[in-house]
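Colleague: generate coordinates for the sequence data below:
(chains A and B)
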Amino acid sequence: MLSQLGEGAKFLAGGQSLIPLMKLRFANPEYLVDLNFIPGTSFIKEESSVPHSGALRFGALHFGAMTRHAEIEHSALTKKIPILHDCAAGIADVQVRNRGTIGGSLAEADPSGDWATALITLDCTVHSLGPGGARTIQQKDFITDAYTTALAHDELVTEVEVRIPPEGSGGAYLAFKRSAPVYPSASAAVQLTLADDVCQDAAIALGCVGLTAIRATEAETVLRGKILNRNVNDKTIAAAAEAARAAADPQSDMRGSVEYKRQLVVALVKRAIQIAARRARGEQVEGAHLYA
Amino acid sequence: MLETAAVEKLAVSVSIKVNGKPHSRGVEPRMLLVEFLREACDLTGTHVGCDTTYCGACTVLMNGLAVKSCTMFAVQADGSEITTVEGLEKDGKLHPIQKAFGDSYGLQCGYCTPGLLLSTHQLLSRNPEPSEKEIRKAIAGNTCRCTGYMNIFKAIELAGRNMRRT
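Modeller: Prediction:
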């Protein structure tokens, strides 16, 4: 349908970004194709782990593209991947979470969006559909630039698939917001895998401080192979946070100066590493966006 | 400006139940839900504050969930049930949430109040005994520039207590 309507047509999901952008005349679609009345596009399903070529293929959670942030926030299944709960529960406010969708948020690719930053630390695949049929795109390749995705104009997201991290893995997503309804000034997502307190694997992503979510790979290298025990080695965490500061590429705007945002990144990464490490050890930790 | 005939040609028919009463109208696809409520249904209790999805003054319930009616098109609410502030009062008696806001002085100018009442409604219908943190999270999308929120917290706690009692 979108190919028939031409380039001036756009899909409308939750509308919590697109409608404000239209009011500001930043978006001027000739046609909107509302996806809200299509049944079967909002769901959260678990796929169990199965043996696969001699190893165990981990289970996954599948989120329908039109699943609202609030549905993800309140789902018992989401608790299997705490970083997803952190993200869903902290997006904007109750009203926006009741309407906004995970698929819409990814497809919008706003540099300040929350989902892209949290999901890039996980093994995540975006399923899409277009006139040419269905295809899958690794989430790390999905957002290519600010407000730009790997989707063709007439393709849409159908599902977001997230592998459940292995035993001993824990994550946290934290964002700093001046107030609930606004986009964060900066955000950090951390997913760690520990074995006997030694960091086996680390994924660290920064949001709102670049045109897309940024993987802080040097910060990840700092953590790998290091002991992150209960008396967390502050020097290791501080070194990782400093590496994240260098990876951030923020713009100065009404949410803060470049220096301020880099400093926020350091604080958020430190805190997210600490929460992720505790969760990796099996502790229940409440973590959510910070409000100013 | 489009001629009336042209506007009618563009109209899409919607049926929305507002406060229990069905409203069927032909509307322009671009009409916002808040405009439908205020202009087509003449229910001006729902306010437009910021018109940018920030302030929450336009909050209404759609099928029991709080939404910002300035950030939805009326056509998107087709077939749904909307509750506005006018739908809270029953038989000339204020809803316990409204009464608690009055009793606790949970308002000054009153502009944000309709939205706060409906956000409170979603909170208390799911969680009759919210903690202070849960109250803060529930009304984080409603801006009040008069009260400093303290009396609003008191009002929501009082409303919860009174509703648990009945």
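Colleague: drop to CA atoms for contacts and neighbour counts, all remaining ones
Modeller: Noted.
Colleague: show me which residues of chain B are close to chain A?
Modeller: B:52-55, B:59, B:65-68, B:71-72, B:76, B:137-141 (C-alpha under 8 Å from any C-alpha of the partner chain).
Colleague: let's see that with 10 Å instead.
Modeller: Counting by C-alpha under 10 Å from any C-alpha of the partner chain, chain B comes close to chain A at B:29-30, B:32, B:51-56, B:59-62, B:65-73, B:75-78, B:119, B:122-123, B:137-143.
Colleague: isn't A:Gly133 right next to A:Glu155, touching?
Modeller: Yes: if you go by C-alpha atoms under 10 Å, A:Gly133 and A:Glu155 touch, sitting 9.0 Å apart.
Colleague: neighbour count for those two, which is higher?
Modeller: Neighbours per residue (other C-alpha atoms under 10 Å in any protein chain shown) separate A:Gly133 from A:Glu155, with A:Glu155 holding more: 20 against 8.
Colleague: could I get the pLDDT score of the more buried one?
Modeller: pLDDT, A:Glu155: 96.
Colleague: nearest residue to it other than its sequence neighbours?
Modeller: A:Gly130 (4.2 Å; C-alpha to C-alpha, 6 or more residues apart in numbering or on different chains).
Colleague: quick one: residues contacting that neighbour.
Modeller: Residues near A:Gly130 by C-alpha atoms under 10 Å, 6 or more residues apart in numbering or on different chains: A:Met1, A:Leu2, A:Ser3, A:Leu151, A:Ala152, A:His153, A:Asp154, A:Glu155, A:Leu156, A:Val157, A:Thr158.
Colleague: check A:Val182 too.
Modeller: When contacts are counted by C-alpha under 10 Å, 6+ apart, A:Val182 touches A:Ile91, A:Ala92, A:Asp93, A:Ser112, A:Arg255, A:Tyr291, B:Thr53, B:Tyr54, B:Gly141.
Colleague: hmm, try it at 8 Å
Modeller: The neighbours of A:Val182, taking C-alpha atoms under 8 Å, 6 or more residues apart in numbering or on different chains as the test, are A:Ala92, B:Tyr54.
Colleague: give me the element it is part of.
Modeller: Using DSSP states H and E, A:Val182 maps to neither a helix nor a strand.
Colleague: let me see the ranges of the helices in the stretch 1-150 of chain A.
Modeller: Secondary structure of the stretch 1-150 of chain A by DSSP state H, counting those that start in this stretch: the helices cover A:2-5, A:18-23, A:69-74, A:82-90, A:94-99, A:102-108, A:115-119, A:139-142.
Colleague: other SSEs contacting the fifth one?
Modeller: Right, the one you point to is helix A:94-99. helix A:69-74, strand B:65-68 (3 or more C-alpha pairs under 8 Å, 6 or more residues apart in numbering or on different chains; DSSP states H and E).
Colleague: other SSEs contacting the shortest one?
Modeller: To tie it back to what came earlier, the one meant is strand B:65-68. helix A:94-99, strand B:59-62, helix B:113-126.
Colleague: got the contact list for the closest residue to A:Asp141 other than its chain neighbours?
Modeller: What sits nearest to A:Asp141 in space, not counting adjacent residues and going by C-alpha to C-alpha, 6+ apart, is A:Ala150, at 7.2 Å. Neighbouring residues of A:Ala150 by C-alpha under 8 Å, 6+ apart: A:Ile137, A:Asp141, A:Phe142, A:Ile143, A:Thr144.
Colleague: how about A:Ala216?
Modeller: A:Ala203, A:Ile204, A:Ala205, A:Leu206, A:Ala243, A:Ala244, A:Ala247, A:Ala248.
Colleague: would you confirm that A:Ala205 contacts A:Ala116?
Modeller: No: here A:Ala205 does not reach A:Ala116: they are 9.3 Å apart, not a contact under C-alpha atoms under 8 Å.
Colleague: need the residues touching each of these two.
Modeller: Common contacts of A:Ala205 and A:Ala116 (C-alpha under 8 Å, 6+ apart): A:Ala213.
Colleague: could you dump stretch A:41-57 to PDB, C-alpha only?
Modeller: Output of stretch A:41-57 as PDB, limited to C-alpha atoms (Å, rounded to 0.1, in the frame of the first residue of the first chain):
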ATOM      1  CA  THR A  41       0.900  -6.900  15.700                       C
ATOM      2  CA  SER A  42       1.100  -6.500  19.500                       C
ATOM      3  CA  PHE A  43       2.500  -9.500  21.400                       C
ATOM      4  CA  ILE A  44       5.300 -10.700  23.700                       C
ATOM      5  CA  LYS A  45       6.200 -14.300  23.200                       C
ATOM      6  CA  GLU A  46       8.900 -16.500  24.600                       C
ATOM      7  CA  GLU A  47      10.900 -19.000  22.500                       C
ATOM      8  CA  SER A  48      12.500 -21.700  24.600                       C
ATOM      9  CA  SER A  49      16.200 -22.600  24.300                       C
ATOM     10  CA  VAL A  50      16.900 -25.600  22.100                       C
ATOM     11  CA  PRO A  51      20.000 -27.600  21.300                       C
ATOM     12  CA  HIS A  52      21.600 -26.400  18.100                       C
ATOM     13  CA  SER A  53      24.600 -27.800  16.300                       C
ATOM     14  CA  GLY A  54      26.000 -29.400  19.500                       C
ATOM     15  CA  ALA A  55      25.500 -26.300  21.600                       C
ATOM     16  CA  LEU A  56      22.500 -24.700  23.300                       C
ATOM     17  CA  ARG A  57      20.700 -22.000  21.300                       C
END
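Colleague: wait, does it contact chain B?
Modeller: No: Stretch A:41-57 does not reach chain B (C-alpha under 8 Å from any C-alpha); its nearest approach is 15.9 Å.
Colleague: show me the contacts for A:Gln263.
Modeller: With contact set as C-alpha under 8 Å, 6+ apart, A:Gln263 has these partners: A:Arg245.
Colleague: correct me if wrong, but it is in a helix.
Modeller: Yes: A:Gln263 sits within a helix when classified using DSSP: H, G, I helix; E, B strand; the rest coil.
Colleague: I'd like the distance between it and A:Asp110.
Modeller: Here A:Gln263 is placed at a distance of 22 Å from A:Asp110 (C-alpha to C-alpha, to the nearest Å).
Colleague: one more: A:Thr212?
Modeller: As judged by C-alpha to C-alpha, A:Thr212 and A:Asp110 stand 8 Å apart.
Colleague: what do these two both touch?
Modeller: Each of A:Ala146 lies in contact with both A:Thr212 and A:Asp110 under the rule C-alpha under 8 Å, 6+ apart.
Colleague: among the contacts of A:Gly130, which lie within strands?
Modeller: Mapping the contacts of A:Gly130 onto strands (DSSP state E) picks out A:Leu156, A:Val157, A:Thr158.
Colleague: state the distance from the first one to A:Lys10.
Modeller: Right, the one you point to is A:Leu156. A:Leu156 is 10 Å from A:Lys10, by C-alpha to C-alpha.
Colleague: what does the second one give?
Modeller: Shown here: A:Val157 relative to A:Lys10, a distance of 13 Å by C-alpha to C-alpha.
Colleague: next structured bit after the helix or strand where A:Leu206 lies?
Modeller: For A:Leu206, the host element (DSSP H and E) is strand A:198-207. Next helix or strand after strand A:198-207 toward the C-terminus (DSSP H and E): strand A:214-215.
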